[in-house]
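J.: show me the folded form of this:
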Amino acid sequence: MIFWYGHGSGGWGWFAMSAGMILFWALIVTGAILLVRALNRPYERTRTPVTPSAEEILKERLARGEIDEDDYRRRLDALRSGPPARWKTPP
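T.: Numbering: from 1, shown residues only. Model prediction:
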């Protein structure tokens, strides 16, 4: 009722109020959209790096030329035969 009698800020006051209301609702809608997107995002796990097996490490070393084929086969046979006898526990 203040503005009805000419004791207001005139047309610019109405413009500022309108712009403020539009900005307010734009922020509310943007916040709601961002919240919905964040909640609908699929669950992302932090992946732990897979440790390569001993055989894979041997293959990589052979491919890089660190060991020759005879050494590769000897070590691969040792891996596949099981742990050394000193590591085995008696039954």
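J.: CA only for contacts and neighbour counts going forward, please
T.: Fine.
J.: tell me where the protein has helices.
T.: Taking DSSP state H as the test, the helices found in the chain are 11-40, 54-64, 69-81.
J.: quick one: these as TSV, columns for distance to Arg47, mean neighbour count and mean pLDDT too.
T.: Below are the helices of the chain laid out as TSV (distance: least, C-alpha to C-alpha, whole Å; neighbours: other C-alpha atoms under 10 Å; pLDDT from 0 to 100):
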stretch	distance to Arg47	mean neighbour count	mean pLDDT
helix 11-40	20	11	90
helix 54-64	20	13	92
helix 69-81	28	12	90
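J.: and these as CSV, adding distance to Thr48?
T.: CSV is the format used below for those (distance: least, C-alpha to C-alpha, whole Å):
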stretch, distance to Thr48
helix 11-40, 23
helix 54-64, 18
helix 69-81, 25
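J.: next, the distance between the ends of stretch 55-72.
T.: In stretch 55-72, first residue to last residue: 9 Å (C-alpha to C-alpha, to the nearest Å).
J.: pull the residues that contact that stretch.
T.: Arg75, Leu76, Leu79 (C-alpha atoms under 8 Å, 6 or more residues apart in numbering).
J.: phi and psi next, for Gly65.
T.: phi 90, psi 20 (degrees, to the nearest 10).
J.: likewise for Glu66?
T.: Per degrees, to the nearest 10, the backbone of Glu66 is at phi -70, psi -30.
J.: ok, now how distant is it from Leu79?
T.: Here the criterion is C-alpha to C-alpha. By it, Glu66 lies 18 Å from Leu79.
J.: now Pro52
T.: Going from Pro52 to Leu79 by C-alpha to C-alpha gives 14 Å.
J.: and what of Gly65?
T.: Distance from Gly65 to Leu79, counting by C-alpha to C-alpha: 20 Å.
J.: got it, and Leu35?
T.: 53 Å.
J.: with Arg47 instead?
T.: For Arg47, the distance to Leu79 - C-alpha to C-alpha - is 28 Å.
J.: check Asp68 too.
T.: 16 Å.
J.: Ala38 now?
T.: Using C-alpha to C-alpha, we find Ala38 at a distance of 48 Å from Leu79.
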